[in-house]
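Peer 1: here is a sequence with its predicted model. Questions after.
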Protein chains: 2
Amino acid sequence: MARWEGNARGRLERAALTLFGEQGYDGTTVAQIAQRANLTERSFYRWFSDKREVLFAGDDLEAHFLAAIEAVPAGTGAMPTLLAAFASVPEVLRPRDFLRERAVVIAANPPLRERELIKMASMSATIVGALLSRGFDEQTARLATEVGSAVLGLATRRWMDDEQTAFADLLSASASDLLAVAADGVPAGKRS
Amino acid sequence: MARWEGNARGRLERAALTLFGEQGYDGTTVAQIAQRANLTERSFYRWFSDKREVLFAGDDLEAHFLAAIEAVPAGTGAMPTLLAAFASVPEVLRPRDFLRERAVVIAANPPLRERELIKMASMSATIVGALLSRGFDEQTARLATEVGSAVLGLATRRWMDDEQTAFADLLSASASDLLAVAADGVPAGKRS
């Protein structure tokens, strides 16, 4: 039994993902989700405004990033600020098995992929804004956010398959892997 | 007079961007664009399927990337492959003044911003695919594409304001700036 099934909300998520997997996202109704979870449609709508929100609601990542960035000591560089802030991301992520099944459902459905892109872009804009308000110039804020998002994405994919390693370690290994790829494009004499 | 105004298509683009700027994207009709360009609606539809396509059609960047990546000698690393391929991007970009006005229109309109995100994501998927088929592993292909897209974005913003510097030089300066930001997140002892 998946770890997130303990409560009404978790049962609805579990039922929704199972049905999305079995019969497709488009072919699944809120009534079916509620029925599979042994709950009423009314309790579904207590938690989610529609079936799409089962996939996109709830992790409050943006608010988490803002608070976590704010907690980093002043004077820290842009990338170290983001890596420190990202280290606590698993606290607000959904459980691994939820995220794995969610990724499959989203990959199979173009409108959901677009919704995910928009969510990511909004998150990036929030992070750029937080770096600007810490005094970084716009170019540094944008580059750090782009590099940081790639590092966070890679670390999260690793975290989904690796229950042993601390997230901060997955982040620093991913940052180091990105750096190696990026450095290969810049001759040693042109590194600043 | 802007450089791209010489032909019917260019006149339609010019008229559309002027009207989008004057009265907003949503408030502009194809009839108005055609009239402003001294052309018929019928000639508008010879070039564009709708007014949105004035902003998104025509530069064939994806096909250009595929051909340019293919032209890079085998055995080249992932980032050097992308930087070499990107050097010829200005050949297929619209003129600078078009791009500047286009960016303002898109920034002001959420559905256009979403369309742009989707276009970028599709371009990234194409580039990842091209790197995979050159034999790079998936992690390298993804990281190089993410880093390369950030470098290309920065170089393109610089190119819009800098008519003197060769695009290849803007790319390598941008790659070096990104590397400096990324390296700041990885202690020297953890660099591979």
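Peer 2: Everything's here; your move. Numbers count the residues shown, from 1 in each chain, chains lettered A, B, ... in the order given.
Peer 1: need the helices for chain A, in chain order.
Peer 2: Using DSSP state H, the helices found in chain A span residues A:8-23, A:30-36, A:41-47, A:52-56, A:61-70, A:78-86, A:96-107, A:110-133, A:138-161, A:167-183.
Peer 1: out of those helices, which gets nearest to residue B:138?
Peer 2: helix A:138-161 (10.0 Å; CB to CB). Just so you know, the C-beta spots here come from the backbone N, C-alpha and C atoms, and that holds for glycine as well.
Peer 1: how about the CA coordinates for the closest one, as PDB?
Peer 2: Output in PDB follows, covering the C-alpha atoms of helix A:138-161 (Å, rounded to 0.1, in the frame of the first residue of the first chain):
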ATOM      1  CA  GLU A 138      19.400  40.400 -13.500                       C
ATOM      2  CA  GLN A 139      21.900  38.300 -15.500                       C
ATOM      3  CA  THR A 140      23.200  36.500 -12.500                       C
ATOM      4  CA  ALA A 141      19.700  35.900 -11.100                       C
ATOM      5  CA  ARG A 142      18.500  34.400 -14.400                       C
ATOM      6  CA  LEU A 143      21.600  32.300 -15.000                       C
ATOM      7  CA  ALA A 144      21.600  30.900 -11.400                       C
ATOM      8  CA  THR A 145      17.800  30.200 -11.700                       C
ATOM      9  CA  GLU A 146      18.300  28.300 -15.000                       C
ATOM     10  CA  VAL A 147      21.300  26.400 -13.800                       C
ATOM     11  CA  GLY A 148      19.600  25.800 -10.400                       C
ATOM     12  CA  SER A 149      16.400  24.500 -12.000                       C
ATOM     13  CA  ALA A 150      18.400  22.000 -14.100                       C
ATOM     14  CA  VAL A 151      20.200  20.800 -11.000                       C
ATOM     15  CA  LEU A 152      17.000  20.600  -9.000                       C
ATOM     16  CA  GLY A 153      15.400  18.600 -11.800                       C
ATOM     17  CA  LEU A 154      18.200  16.100 -12.000                       C
ATOM     18  CA  ALA A 155      18.500  15.800  -8.200                       C
ATOM     19  CA  THR A 156      14.700  15.200  -8.000                       C
ATOM     20  CA  ARG A 157      14.800  12.500 -10.700                       C
ATOM     21  CA  ARG A 158      17.600  10.800  -8.700                       C
ATOM     22  CA  TRP A 159      15.800  11.100  -5.400                       C
ATOM     23  CA  MET A 160      12.800   9.300  -6.900                       C
ATOM     24  CA  ASP A 161      15.000   6.200  -7.400                       C
END
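Peer 1: does it come close to chain B?
Peer 2: Yes: using CB under 8 Å from any CB of the partner chain, helix A:138-161 comes into contact with chain B via A:139-140, A:142-144, A:146-151, A:153-154.
Peer 1: thinking again about what came up before, point out the most buried one among the helices of chain A.
Peer 2: Per residue and on average, the most neighbours among the helices of chain A fall to helix A:78-86, with a mean of 24 (mean count of other CB atoms under 10 Å in any protein chain shown).
Peer 1: what's that helix packed up against?
Peer 2: helix A:61-70, helix A:110-133, helix A:138-161, helix A:167-183, helix B:167-183 (3 or more CB pairs under 8 Å, 6 or more residues apart in numbering or on different chains; DSSP states H and E).
Peer 1: what inclination does it have with respect to helix B:167-183?
Peer 2: 50 degrees (axes from the mean of the first three to the mean of the last three CA atoms, to 10 degrees).
Peer 1: what's the mean pLDDT across helix A:78-86?
Peer 2: What helix A:78-86 shows for mean pLDDT is 97.
Peer 1: returning to what we had before: ok, which of the helices and strands packed on helix A:78-86 comes nearest residue B:48?
Peer 2: That would be helix A:110-133 among these, by CB to CB, at 22.2 Å.
Peer 1: okay, the angle between that closest one and helix A:61-70?
Peer 2: Here helix A:110-133 runs at an angle of 20 degrees relative to helix A:61-70 (the same axes, to 10 degrees).
Peer 1: against residue B:190, how distant is residue A:40?
Peer 2: To residue B:190, residue A:40 is 53 Å away according to CB to CB, to the nearest Å.
Peer 1: quick one: low-confidence ranges for chain A?
Peer 2: Chain A contains residues with pLDDT under 70 at A:1-6, A:58-59.
Peer 1: return the residues of it in contact with chain B.
Peer 2: A:77-80, A:82-83, A:113-114, A:117-118, A:121, A:139-140, A:142-144, A:146-151, A:153-154, A:172, A:175-186, A:190-192.
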